[in-house]
Structure formats: C-alpha cells, structure tokens
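[1] Below is the structure, and that's it, no one-letter string:
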Ligand code: KG4
Ligand code: ZN
C-alpha cells in the first residue's frame, strides 16, 4: 500500500510518501519521498506559534512540498489533466477559505497525472485548528481530484507509531522502517508542545488514557522557562543544550543557593510526584523558576545553564516516576516515548538508565523504544505509518472535520 501523508497540525508543513508492506503484526515501510518545511524561524519573533501565520504558511507551502515529495518518490508524471467542472467546483468550495491555495492546487493537478498512490492520510487533530484545517481541506481536495480514498489520522497515534518504528536491518537510515514484534500492552508517554499524556495500548490501536497534565504541557513548560531565561523559541532544544553544558561543570550557583536557603530544599519542586496518580502538573514548576528569577533581570550564563539543568532534572524525574507507576499498573511490556520533547537528551538518558535498572530489580522485562531523533518532532512519515494501519482497517472516509482536541482514547 502506498500512502501519501499530510501533516499541518502545528508549525511544520510536511508531506511524505511511504510504501507499506505486511500487516498489523509485522509491517515494513519504505519512505519514498519526504518533504518538510519548518516555520520555526517565522514564529520566533512571536515567542511561540502564531496560528494565523501558521495557517497562511501551510497554505503557501503545501503545493511546493507535494511537488517535491512526488518528485523524490519518482511519481510525478507530467501530463495535461482535465478536471471535470463539477469536481472543480467542489474543490474550489473546499479550498475557499485558504487564500491562494485553490489557484496553486489547480495549476498543479492539471499538469500531472494522478500519482500511483493508494490512499491519502491526513492529520485531523489534535493541534491548532486553523492549521489542521488547511491540511484536511488540501487532502480532501486531492482525494477528489485524484479519486483516491482518504483516512483521518490522530496526530498522537502518529507519534506512537514513530516511536514503535525501528530502522530496518539496524541501518541508521530512516528511509527503511519496520514495526515488528511489539509486545503488548504498550505504554506510551507522549510529550510535546501541547500534550503530556500516558496512554496504554492493550490491544493494537486501542488506547486508554491513564494520565495527563492538569495544566501546562511539558513542551510548553520548556518553552516558557526558556523565555524566562531569555532563550529563543522553541525553548526545548535551548534548555537542553545549556543543561548538558551545566552537567559537565561543578560550580555553586548563588541563585540556587539562595533558593535553597529560602525554601529548605536545594532543588526545584517535583509537582505531584507522590500523589498516587499518573497525572502531571508543570505550572508550579514554571512558577518556581519565575520566583527564583524575581528581581534578577541580569543573569550570568552560568546561572542560566544551572537553572536550565535544575529545571530539566525536575521534569525528567517527574516524567520517569509517573511512567514507572503507569508501567506497574498496566503491566506494560513495551514502553515508548514520543512527541517533540522526546528529542531531549537528558530525558532519553534518564529513561534508558531507569528501564535498564528495572530489569536489575527483577521487574518483568520492559522493552524501551525511543524514536529516532529525526522522527520525534512533527513529520508526515509518522502520519503515513498510522495511515497504513487505519487504512488496513478500512477506516476510509472523507466525512470528517479538523478537531483541535481530537481524542486518542475514545
Ligand atoms: O511534537 P512537537 O514537534 O509539536 C507539538 O505537537 O507540540 O513538539 C514541540 C515541542 C516544543 O515545545 C519544543 O520546545 C519541544 O517539543 N522540544 C524539546 C526538545 N526539542 C523539541 N523539548 C525539550 N528538549 C528538546 N530537545
Ligand atoms: Zn507533535
């Protein structure tokens, strides 16, 4: 099955073409084409993703990315195509809300043959609704123009599939992936800019939400703390870079000593760590950093680094403790972490080390799968993977809407 996948849920516009073989128990994927454009540079000046700008950029970039992905996959056959008036009118109505997209769309599809793909997969949510709509409408328009079936994908399921996928033959290439021998139940820790969730997959593709954040998502906390430290958006990679530097130097930082004197603890709080649930809270941790920085407009580079480290330590410890609890409760045999924050070096290390020591204490063997760094942040390959499984189950329908809060577990 050849899948064309579209992702526009946030600030990445991405289109991939993936050839999938096998079935639910053992699947292989070959990435034929992968085109992605990050809008990070544009959103930087707003200190976060600005939805109206994201929507406009997606509309501008989708056709060039489609062209690039098809070209890379060698599926672009130039030829003049007549689009029946009725179809044209339907497509024009679908794309009416995306300025400029209809013109570019018609120019493109009237000059190439419908490509040899079997299904179109598109992220329907969760995400920024205006951004999601651009991808959804584009997918629906393509489905009409090319007479292809369409499948709506949950973005978080995409992150789970990306985490379950391993490189084939141990090659470091991410163009040959496989999802095989996954021992159920799977516990997934999904950490991104909008989500912090623990989800159990007891049966393949059936999810149960066992924990979630009660306030900020962890990526949001990274981004907000980064802003307090005067670091650019997105803050996750910046904090990670500074924190890693801090771990290599042993110095006493006055700000943190002050904090220790005031609060009788040398570290930042670990919110809800022992509350007996699998839920999270990060707003208190963020506030603790804010309190720490109060009346300190000037910070030295060393102070910044060590605050970044303290913050990251607190986050990683809470994430691990809650995950360990959910592992125990669920009896999961496979643990995955996915979403943009799973790119974090320290969090990856903490999880690897802790899972290794679970085996030492006789806990049933848990297999940890962490996505390849290139698949942690938003991309369309993960949407193609999820699209394969959903299409195998015949969940094909063009009758769906973009949903900012589309739930994974229903
Ligand atoms: O999954 P993602 O690309 O988009 C959403 O669906 O939200 O995640 C983006 C989030 C941002 O908050 C970003 O700061 C964070 O992931 N992030 C990181 C790292 N790389 C990206 N957070 C911590 N450490 C990183 N290395
Ligand atoms: Zn994401």
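    Received the coordinates, thanks. Computed from a predicted model, the values in this text were never measured in an experiment. Ligands and ions are numbered 1, 2, ... in the order given.

[2] Pull out the buried residues from the helix or strand encompassing residue 90.
    Element membership for residue 90 (DSSP states H and E) is helix 85-94. Within helix 85-94, the residues scored as buried using 16 or more other CB atoms under 10 Å are 88, 90-91, 94. Where you see a C-beta, it was placed from the backbone N, CA and C, and this is true even at glycine.

[3] Looking at these, which two lie furthest apart in space?
    Distance extremes for these: the farthest pair is 88 and 94 at 10.8 Å, using CB to CB.

[4] tell me what the helix holding residue 90 is packed against?
    Applying 3 or more CB pairs under 8 Å, 6 or more residues apart in numbering; DSSP states H and E, we find helix 85-94 packed against helix 101-109, helix 129-146.

[5] and ligand 2, which of those is closest to it?
    helix 129-146 (11.7 Å; CB to the ion).

[6] Measure how the following helix or strand past that closest one sits relative to helix 129-146, angle-wise.
    The first helix or strand that comes after helix 129-146 along the chain, using DSSP H and E, is strand 150-154. With axes from the mean of the first three to the mean of the last three CA atoms, to 10 degrees defining the directions, strand 150-154 sits at 160 degrees from helix 129-146.

[7] Do strand 150-154 and ligand 2 come into contact?
    No: contact of strand 150-154 with ligand 2 (CB under 5 Å from the ion) is absent, the minimum separation being 10.9 Å.

[8] what sits up against that strand?
    5, 119-126, 136, 139-140, 143, 383, 386-387, 390-391, 395-398, 400, 406-408 (CB atoms under 8 Å, 6 or more residues apart in numbering).

[9] From the residues you listed, which land in strands?
    Cross-referencing these against strands under DSSP state E gives 5, 119-125.

[10] Which parts of the stretch 201-350 of the chain are helices?
    Secondary structure of the stretch 201-350 of the chain by DSSP state H, counting those that start in this stretch: the helices cover 218-228, 235-246, 254-263, 283-293, 301-330, 345-360.

[11] could you give the mean pLDDT of stretch 42-61?
    The average pLDDT within stretch 42-61 is 88.

[12] Please shift the residue numbers so they start at 12 in all later answers.
    Done: numbering now begins at 12, and the last item shifts to stretch 53-72.

[13] Which residues does that stretch contact?
    With CB under 8 Å, 6+ apart as the test, stretch 53-72 has contacts from 19, 21-22, 24, 48, 50, 109-112, 139-142, 144-146, 204, 234, 238, 243-244.

[14] so how far does that stretch reach from one end to the other?
    End-to-end distance for stretch 53-72: 13 Å, by CA to CA, to the nearest Å.

[15] out of the helices and strands packed on helix 96-105, deepest packed?
    Of all the helices and strands packed on helix 96-105, helix 140-157 carries the top mean neighbour count, a mean of 23, counting by mean count of other CB atoms under 10 Å.

[16] That one - what's its average pLDDT?
    98.

[17] just stretch 40-49 next, same as before
    Stretch 40-49 carries an average pLDDT of 96.

[18] cool, and stretch 80-95?
    Across stretch 80-95, pLDDT averages out at 95.

[19] buried sites along it?
    Judged by neighbour count (16+ other CB under 10 Å), stretch 80-95 contains these buried residues: 80-81, 83-84, 86-87.

[20] Model confidence score at the nearest residue to residue 365 once chain neighbours are set aside, please.
    Counting by CB to CB, 6 or more residues apart in numbering, residue 365 lies nearest to residue 331, which is 5.4 Å off, once chain neighbours are set aside. On the pLDDT scale, residue 331 is placed at 97.

[21] isn't residue 331 right next to residue 362, touching?
    Yes: the criterion here is CB atoms under 8 Å, and residue 331 meets it with residue 362 at 6.5 Å.

[22] who has more neighbours, the two?
    Set side by side, residue 331 and residue 362 show more neighbours around residue 362, with 23 against 18, by other CB atoms under 10 Å.

[23] Contact partners for that one?
    330-331, 334, 346, 348, 379, 381.

[24] give me the number of residues near residue 186?
    15.

[25] now residue 17
    Residue 17 - counted by other CB under 10 Å - has 29 other residues nearby.

[26] my read: it touches residue 130, true?
    No: between residue 17 and residue 130 there is no contact under CB under 8 Å: 11.6 Å.

[27] Close to ligand 1: what parts of the stretch 112-261 of the chain are there?
    Taking CB under 6 Å from any ligand atom, the part of the stretch 112-261 of the chain that reaches ligand 1 is made up of 203-205, 230, 233-234, 245-248, 251.

[28] Can you add distance to residue 94 and give the helices of the stretch 212-361 of the chain back as a markdown table?
    What follows is the helices of the stretch 212-361 of the chain, written out as a markdown table (distance: least, CB to CB, whole Å):
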| stretch | distance to residue 94 |
| --- | --- |
| helix 229-239 | 41 |
| helix 246-257 | 43 |
| helix 265-274 | 64 |
| helix 294-304 | 51 |
| helix 312-341 | 50 |
| helix 356-371 | 48 |
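
[29] State which one residue of the stretch 112-261 of the chain is found closest to ligand 1.
    residue 247 (2.0 Å; CB to the nearest ligand atom).

[30] and that residue, what is it in contact with?
    For residue 247, the contact set (CB under 8 Å, 6+ apart) comprises 230, 233-234, 237, 351-352, 354-355.

[31] Let's see that with 6 Å instead.
    By CB atoms under 6 Å, 6 or more residues apart in numbering, the residues touching residue 247 are 230, 233, 352.

[32] Which of those residues ranks first by neighbour count?
    residue 233 leads those on contacts (other CB under 10 Å) with 30 neighbours.

[33] Got the confidence number for the residue nearest to that residue when sequence neighbours are not counted?
    Distances taken as CB to CB, 6+ apart place residue 247 nearest to residue 233, at 4.2 Å, with adjacent residues excluded. The score at residue 247 is 94. That number is its pLDDT.

[34] Look up how far residue 203 lies from residue 247.
    10 Å (CB to CB, to the nearest Å).

[35] shared neighbours, these two?
    residue 230.

[36] give the contact list for the closest residue to residue 227 other than its chain neighbours.
    Leaving aside its chain neighbours, residue 227 sits nearest to residue 293 (4.3 Å; criterion: CB to CB, 6+ apart). Contacts for residue 293 (CB under 6 Å, 6+ apart) come out as 227, 229, 232.

[37] Alright, that wraps it up for me.
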